[in-house]
Every structure is written in structure tokens, then in C-alpha cells.
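# Make a model of this:
(one chain, ligands or ions: 1)
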Amino acid sequence: MTPNPGKLIIVAGPSGAGKGTVENAVMERFPDIEFSVSVTTRPRRDYEIEGTHYFFISKPEFLQRIENDELVEWQEVYSKNGHLYGTLRSYIDSALEKGQHLLIDIDIKGGINVKKAYPENSVSIFIEPPSLEDLEKRLIHRGTDNEEQIKIRLERMPEEMNLGQQFDYKIVNSDLDDAVDAFTEIIKRDVYHQ
Ligand code: 5GP
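Numbering: from 1, shown residues only. Just a heads-up that it's a prediction; the model follows:
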């Protein structure tokens, strides 16, 4: 018997909107859903595990994979020193065939491209901060960006919000619990048809 096809839950949003926190809380509620593992050229952080967080590969290997058409999409993420990130076609296809649902944490343009590649299997969610002022506060509080980087991120917001209109759903992350509840409802309806 062919299993039910899996769904791709595509999640993107401006950096600092808090998508990682929302995603982790949602994943605790749905143990059947797995994170999709991408390839990247960025160095592994201490706590990260090869094959769990990413497949860490060299730039020449990444370019070879593009050449071999092994990636559904790929992007150079400028805020990460121009490192390359890409979604593996084989990873997605084998999950979908098994009926495995995947959550894909991805940059905004990459998310739009995955949705275009798998229109029947995708549910896309855009997580946005309540306001520009709120985003600025979060970025300052997070402490990973200097003043110049924060300025660049804020300037990029209008364009990013515009791209966000191409997603199926938008969740404004003003309150974490509310955002997690809204996300949960989308999954129950569109992934589990409850
Ligand atoms: P980080 O280096 O913090 O893990 O991720 C940096 C950014 O790259 C995040 O916005 C993340 O969503 C995005 N990203 C992760 N994997 C992929 C991917 O396969 N493709 C694209 N386009 N972006 C990705």
C-alpha cells in the first residue's frame, strides 16, 4: 500500500522574528514531524551534529551538487558571510515517498522556490514580527548583530514582508503562545486534516 504522501511545512520570515522558538515549540507537539536537513558551506557550531542540523560540506562540493542538479533550491545567505545553503532533492523526495512530514526552516526566497517545486505537498508559513520597532528591539536583545548589521536587516524588512505575501499563511509573532497555537491549528488542518 502506498503511504499518504508527506507534507512540507515551509517556514520563513525576517531574521529576528523568532521563528526558531516558535518552530521548536510546535515540534514538541508533533513528534511525527521531522526537521528537513539541508546542505551548507557554513562551519558547524559546537552544539551542531552532522546530518541532524545540516550536512556540512565544502564550497567545491556544494558547487558540484548544483551542477548535478541535486538541489531543489539554494541561496547565498548574506547575513551569514555569504555562505551557501541548499535543499537536497533526494532528502525531500524520499521523505515524501515514505509519507514523512518535514518542517523546512529556510530563508524567504528559498521557501518560495520549494513551494513552487512541490506545490501539491507544501504548506507555507511566514512568521513576522509585530512591527519594525519590535524587530529592532529583538535584534538588539539577541546581541548577535552589530549596529550596521541591524540597520541592514531593518532596511530589508519591507521587501521581505512583500515576499511574505507569497506564503499560504502569515503568523504575527507578538505573543509566543498565540503564535504556537496558530501554527498548531494550521498543521492540524492542512497536514493531518483534522
Ligand atoms: P543558520 O546558519 O543560522 O542555521 O541559518 C541561516 C539561514 O539560512 C536561516 O534563515 C535558515 O532558515 C536558512 N536556511 C537553512 N537551510 C536552508 C536551505 O536549505 N536553503 C535556504 N535557501 N536557506 C536555508
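# Remind me what whichever helix or strand residue 126 is part of packs against, helices and strands.
If you go by DSSP states H and E, residue 126 is part of strand 122-128. The elements that strand 122-128 packs onto, with contact taken as 3 or more Cβ pairs under 8 Å, 6 or more residues apart in numbering; DSSP states H and E, are strand 8-12, helix 108-117, strand 169-172, helix 176-190. In short, each C-beta sits where N, CA and C put it, glycine included.
# quick one: which of those is nearest the ligand?
Closest approach to the ligand among these (Cβ to the nearest ligand atom): helix 108-117, 2.4 Å.
# Give the buried residues for the closest one.
108, 110, 111, 112, 113, 114, 115 (16 or more other Cβ atoms under 10 Å).
# same question, stretch 82-93
For stretch 82-93, by 16+ other Cβ under 10 Å, it's 83, 84, 85, 86, 87, 88, 89, 91, 92.
# what does the protein have sitting close to the ligand?
Within the chain, the residues that sit near the ligand (Cβ under 6 Å from any ligand atom) are 38, 42, 73, 75, 77, 80, 85-87, 105-107, 110.
# Just give me the least confident of those residues.
Across the residues of the chain next to the ligand, the smallest pLDDT goes to residue 80, namely 67.
# So which elements touch the helix ranked longest in the chain?
Using DSSP state H to define each element, the chain has its longest helix at helix 147-163. With contacts defined as 3+ Cβ pairs under 8 Å, 6+ apart, the packing partners of helix 147-163 are helix 108-117, helix 132-142.
# Out of the buried residues of stretch 82-93, which sit inside helices?
Counted as lying in helices by DSSP H, out of those, are 89, 91, 92.
# Redo these as TSV? Include pLDDT.
Below are these laid out as TSV (pLDDT from 0 to 100):
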residue	pLDDT
89	98
91	97
92	98
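# List the beta-bridge partners for the most centrally placed residue in the chain.
With distances taken as Cα atoms, centre = their mean, residue 105 lies nearest the centre of the chain, 1.8 Å away. Assessed by DSSP bridges, residue 105 has beta-bridge partners residue 11.
# Check the gap between the spatially closest residue to residue 90 that is not a sequence neighbour and residue 7 for me.
Sequence neighbours aside, residue 70 is the residue nearest to residue 90 in space, at 6.8 Å (criterion: Cβ to Cβ, 6 or more residues apart in numbering). Distance of residue 70 to residue 7, computed by Cβ to Cβ, to the nearest Å: 22 Å.
# Give me the more crowded residue out of those two.
residue 7 (23 against 17; other Cβ atoms under 10 Å).
# Is it correct that that one is in contact with residue 118?
No: contact criterion Cβ atoms under 8 Å: residue 7 and residue 118 do not qualify, at 9.2 Å.
# one step back: run the angle between the strand holding residue 126 and helix 176-190 for me.
Taking axes from the mean of the first three to the mean of the last three Cα atoms, to 10 degrees, strand 122-128 and helix 176-190 form an angle of 170 degrees between their directions.
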